[in-house]
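Asks: Got a sequence here, can you build the structure:
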Amino acid sequence: MKGFSIMLLFIAALDGIATFTANINKRDQNAVDIRDFHWPGDADWMRKIPDENFLFFIDAVVDILPQNFTNQFKKCHSTVFYGGDVKTIHINPKLVNVVLERTSTKNVTIEGGRFYQLERLQCSETHLKSVPENINQLKKLKYLILTHNLIETVQLDLLNGLDNLIGILLYGNYIKHIYSHGLVSLPSLTSFHLQNNQMKHLDVCSWSMPSLFELLLAGNKLTHFAINHFSGLKRVTMARNPINCAWENSLLLKDKSDIKFEDGLSCDKESEGVFVLDCPSNFDSRLAVIEQTVLNNSQQFAAINKKIQNIEELLKNLSGKVIEQRNVSNDIIEAFYRSEIERTSQTKRNT
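Replies: Take a look at the predicted model:
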């Protein structure tokens, strides 16, 4: 079937009209172009689709695409969905490339405890609001491309364990915050694209990225970042940011001629605030952690001590009430005893 273009036309039993077409790609004989595919309506007709390396779906309509969707295709290692309405997709562990572009995708599901072959995950111009959960299960992942989505925050340490990751592309989102709960270790990362977002601050001091070569930050709201933290950084973009002029001047004084600012470097004279070129030293960082820990412990001890004082006060009040009740009881017993003595004496006199 290779070497020439074929057309497969399938008639759906449900409504009696053609629902999708499949063609061997004219430029790549290892790819099949599939138009207007519906899932699960066309599930029974999939056995007629040629088994090739690439399945290219155009304007597919899918509610939930199951993990075993491509299991019947022995050669298939890559799927592309362009356009259409693909809401949720479950990643098949055997696939090497998964691309969704201009779809309405809201969820990309990655199961824990699986061995995935995926090297490229791309969701461009979809409806994703966050980086997919369990992303660190994709141990072979080289490229994570989540451009032009609806992402506002990124917890970067969720990528720990992706030691083969070369490129992260997150440009064209609505990212305001990139944070982590500890060290972020991405030893192979060379490119990080964050341009055209809404970041005001970028704390890179917890990032361990020794191979980082380019960092693209144009079109944000940044005044500075600790640029000296990256020893191998060579390419930076900072246009359309309100850069602190003191940061720019200090940068130029340190003669960072080994870094190329491809779109130039200018500053906003009205930009204010504390700026840094370097991250705190390891000793300073450890000291800060210790100080914060001591402070937290002191606050906790103070709170515990206050609770103990409250308990002691309650016990004191309770003890006073117990003594008061005991005195009342003694008075009642004494009164009863006297009454009994008087009654006995009266009885004797009457006798």
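Asks: what sits against the residue lying closest to Thr237 once chain neighbours are set aside?
Replies: Nearest residue to Thr237, sequence neighbours excluded (Cβ to Cβ, 6 or more residues apart in numbering): Ala218, at 4.1 Å. All C-beta atoms are positioned from the backbone trio N, CA, C, and that covers glycine. Going by Cβ atoms under 8 Å, 6 or more residues apart in numbering, Ala218 touches Gln195, Asn196, Thr237, Met238, Ala239, Arg240, Asn241, Asp263.
Asks: Same question for Phe54.
Replies: Phe54 touches Asn25, Asp28, Asn30, Ala31, Val32, Cys76, His77, Ser78, Thr79, Val80, counting by Cβ under 8 Å, 6+ apart.
Asks: Check what pLDDT the closest residue to the third one other than its chain neighbours gets.
Replies: Nearest in space to Asn30, with sequence neighbours left out and distances taken as Cβ to Cβ, 6+ apart, is Asn53 at 4.2 Å. According to the model's per-residue confidence, Asn53 sits at a pLDDT of 93.
Asks: Now do the same contact list for Asn53.
Replies: Applying Cβ under 8 Å, 6+ apart, the residues contacting Asn53 are Asn30, Ala31, Lys75, Cys76, His77, Ser78.
Asks: do that again at 10 Å, thanks
Replies: Residues near Asn53 by Cβ atoms under 10 Å, 6 or more residues apart in numbering: Asp28, Gln29, Asn30, Ala31, Val32, Phe73, Lys75, Cys76, His77, Ser78, Val96, Asn97.
Asks: Cys245 now?
Replies: Here Cys245 is in contact with Thr223, Ser266, Cys267, Asp268, Lys269, Glu270, Ser271, Glu272, Phe275 (Cβ under 10 Å, 6+ apart).
Asks: Can you pull the phi and psi angles for it?
Replies: phi -60, psi -30 (degrees, to the nearest 10).
Asks: Check the gap between it and Gly273 for me.
Replies: 11 Å (Cβ to Cβ, to the nearest Å).
Asks: Overlap in contacts, these two.
Replies: What both Cys245 and Gly273 touch, as defined by Cβ under 10 Å, 6+ apart, is the set Thr223.
Asks: Centre of the chain to the strand or helix carrying Gly83, how far?
Replies: Per DSSP states H and E, Gly83 falls inside strand 78-90. Using Cα atoms, centre = their mean, to the nearest Å, the distance from the centre of strand 78-90 to the centre of the chain it belongs to is 21 Å.
Asks: How about stretch 271-282?
Replies: Using Cα atoms, centre = their mean, the offset of stretch 271-282 from its chain centre is 25 Å.
Asks: Give me the contacts around that stretch.
Replies: Stretch 271-282 has contacts (Cβ under 10 Å, 6+ apart) with 200-201, 203-207, 221-230, 241-251, 253-254, 256, 285-288.
Asks: Try it again at 6 Å.
Replies: Identification of contacts with stretch 271-282 by Cβ atoms under 6 Å, 6 or more residues apart in numbering yields Cys205, Thr223, His224, Ala226, Ile227, Asn228, His229, Pro242, Asn244, Ala246, Trp247, Ser250.
Asks: tell me the least confident of the residues you listed?
Replies: Least confident of these in the model: Ser250, at 83.
Asks: Tell me which helix or strand the spatially closest residue to it that is not a sequence neighbour sits in.
Replies: Spatial nearest neighbour of Ser250, excluding adjacent residues (Cβ to Cβ, 6+ apart): Leu277 at 5.7 Å. Taking DSSP H and E as the definition, one finds Leu277 inside no helix or strand.
Asks: how close does Leu277 get to Asn244?
Replies: Leu277 is 11 Å from Asn244, by Cβ to Cβ.
Asks: can you check Tyr143 too?
Replies: 33 Å.
Asks: Kindly indicate whether Leu215 is helix, strand or coil.
Replies: Three-state call for Leu215 (DSSP: H, G, I helix; E, B strand; the rest coil): strand.
Asks: can I assume it is in contact with Val236?
Replies: Yes - counting by Cβ atoms under 6 Å, Leu215 touches Val236, with 5.4 Å between them.
Asks: Specify which residue of those two has the higher count of neighbours.
Replies: Using other Cβ atoms under 10 Å as the criterion, Leu215 and Val236 rank with Leu215 on top: 23 against 20.
Asks: So for the more buried one, what pLDDT did the model give?
Replies: pLDDT at Leu215 comes out at 97.
Asks: Look up the residues forming beta bridges with it.
Replies: Judged by DSSP bridges, the bridge partners of Leu215 are Phe192, Val236.
Asks: Quick check: closest non-adjacent residue to Ile166.
Replies: Lys142 is the one closest to Ile166 (Cβ to Cβ, 6+ apart), at 4.9 Å.
Asks: and that neighbour, how many residues sit next to it?
Replies: 16.
Asks: The residue nearest to Ser250 - how many residues pack around it?
Replies: So Leu277, with other Cβ under 10 Å, has 16 neighbours.
Asks: State the distance from it to Cys267.
Replies: On the measure of Cβ to Cβ, Leu277 and Cys267 end up 14 Å apart.
Asks: Show the backbone phi and psi for Leu156.
Replies: Phi and psi for Leu156, reported as degrees, to the nearest 10, are phi -70, psi -30.
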